[in-house]
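Novice: Quick one: sequence plus predicted model below, questions after.
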Amino acid sequence: MIRDDAAEALAQAEFFDICDDEQKRMLAFAGDLRRFEPDDVVYQAGDVPLGAFVLTEGTLKARPEGAGGGKPYAVSEPGSVVSAMALILAKPRPITITAVTQCTALFVPRSAFLKLVQQSPELAQRAVSRIEQQLGNYLGALEPSRRRMKSD
């Protein structure tokens, strides 16, 4: 039952569409379904997450911290991936994630994802392409702010 829930979570998660069905099954097996109560901290700004979370139910709040911060935002769409970059990079995150409501999320360990990437050059290439796309989207979203700053 739990592995079926984990496989369903990965099937809904857009980031993991780079994986074939067998790779998703392997990640579901390596994953850990976690439950959070309201106000539980999933991870704190400055922490180095050991992997990513795929939200299966509930609502999380993401609160950017530090210089340049930003407004908090909610994550409530089942299949949303929190900290996909943590699957590749072991770097501190500038954001605190807390549960707003009771939540369930699948934790996907970086070690399991990297093992799959090492075994599959095709998956590695798809992961690189996805990250490039996401970075491009992020930088594109910042462009209007950059232009405003230049004109000031």
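Specialist: Alright, I've got the coordinates.

Novice: residue ranges with poor pLDDT in this structure?
Specialist: Low-confidence segments of the chain, defined by pLDDT under 70, span residues 1-3, 67-69, 138-152.

Novice: ranges for the helices of it?
Specialist: Using DSSP state H, the helices of the chain run over 2-12, 21-30, 110-119, 121-151.

Novice: Need the distance between the two termini of stretch 97-107.
Specialist: 14 Å (C-alpha to C-alpha, to the nearest Å).

Novice: Begin at 18, not 1, for the rest of this chat.
Specialist: OK, 18 is where the count begins now, so the last one is stretch 114-124.

Novice: Residue 66 is nearest to which of the helices of the chain?
Specialist: Taking C-beta to C-beta, helix 127-136 is the member of the helices of the chain nearest to residue 66, at 7.9 Å. Bear in mind the C-beta positions are built from the backbone N, C-alpha and C, glycine included.
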